[in-house]
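Novice: Quick check, what structure comes out for this input:
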Amino acid sequence: MSLNEELATLRKELAERAALGDQLVTKREMEHFMSFRSLREVTEAAGHLERSGWQVDRTEGQDANSRYLLRAYREQTLDVESAEQALRGVYAITDKHGGSYDGFGARLITAEGSEPQGFFGRLFGTP
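Specialist: Okay, here's the model as predicted:
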């Protein structure tokens, strides 16, 4: 997906999280996933991400599609500005090193003592 499509997906997910009661201003680990064609590309991207304040995990060897996988993560809030800035930065680094951006994730954090609504609760407006 293009950066604009990724940003639209991020905004949609943040809105869904807010509707579920996610405390978007609470720090948690946000992670981004990428893949690269060569060992050189993944190594250079990992170094660039680390210099930019991210921690990285990478797989040993290639996956079934002959790609090298990389995960970048750090503790941060998920307010729109912070989340978009993080996505833009990781996406740019991935693109610069010839990689493919594969998505993002973060755990849901609700107010202390509350339970996130299940599927039917969201559908029918009940917990």
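Novice: what's the residue closest to the geometric middle of this structure?
Specialist: Phe104 (2.3 Å; C-alpha atoms, centre = their mean).
Novice: So in terms of bridging, what pairs with that residue?
Specialist: With DSSP bridges as the criterion, Phe104 is bridged to His32.
Novice: what helices or strands is the helix or strand that Thr9 is a member of leaning on?
Specialist: Here Thr9 sits within helix 3-19, counting by DSSP states H and E. In terms of contacts (3 or more C-beta pairs under 8 Å, 6 or more residues apart in numbering; DSSP states H and E), helix 3-19 is packed against helix 80-96, strand 100-106. Any C-beta I mention is one placed from the backbone N, CA and C, and that applies to glycine too.
Novice: Output those as JSON lines; include the columns distance to Glu41 and mean pLDDT.
Specialist: As requested, the helices and strands packed on helix 3-19 are exported to JSON lines (distance: least, C-beta to C-beta, whole Å; pLDDT from 0 to 100):
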{"stretch": "helix 80-96", "distance to Glu41": "10", "mean pLDDT": "97"}
{"stretch": "strand 100-106", "distance to Glu41": "10", "mean pLDDT": "95"}
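Novice: Please name whichever of the ones you listed is nearest to Leu49.
Specialist: Closest to Leu49 of those is helix 80-96 (C-beta to C-beta; 5.7 Å).
Novice: Show me what the closest one is packed against.
Specialist: Helix 80-96 packs on helix 3-19, strand 28-36, helix 39-51, strand 68-76, strand 100-106, going by 3+ C-beta pairs under 8 Å, 6+ apart.
Novice: can I get those in CSV with distance to Ala86?
Specialist: Shown next, in CSV, are the helices and strands packed on helix 80-96 (distance: least, C-beta to C-beta, whole Å):
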stretch, distance to Ala86
helix 3-19, 9
strand 28-36, 6
helix 39-51, 11
strand 68-76, 6
strand 100-106, 8
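Novice: Between the ones you listed, which one is closest to Thr59.
Specialist: When the helices and strands packed on helix 80-96 are compared (using C-beta to C-beta), the closest one is strand 68-76, at 4.4 Å.
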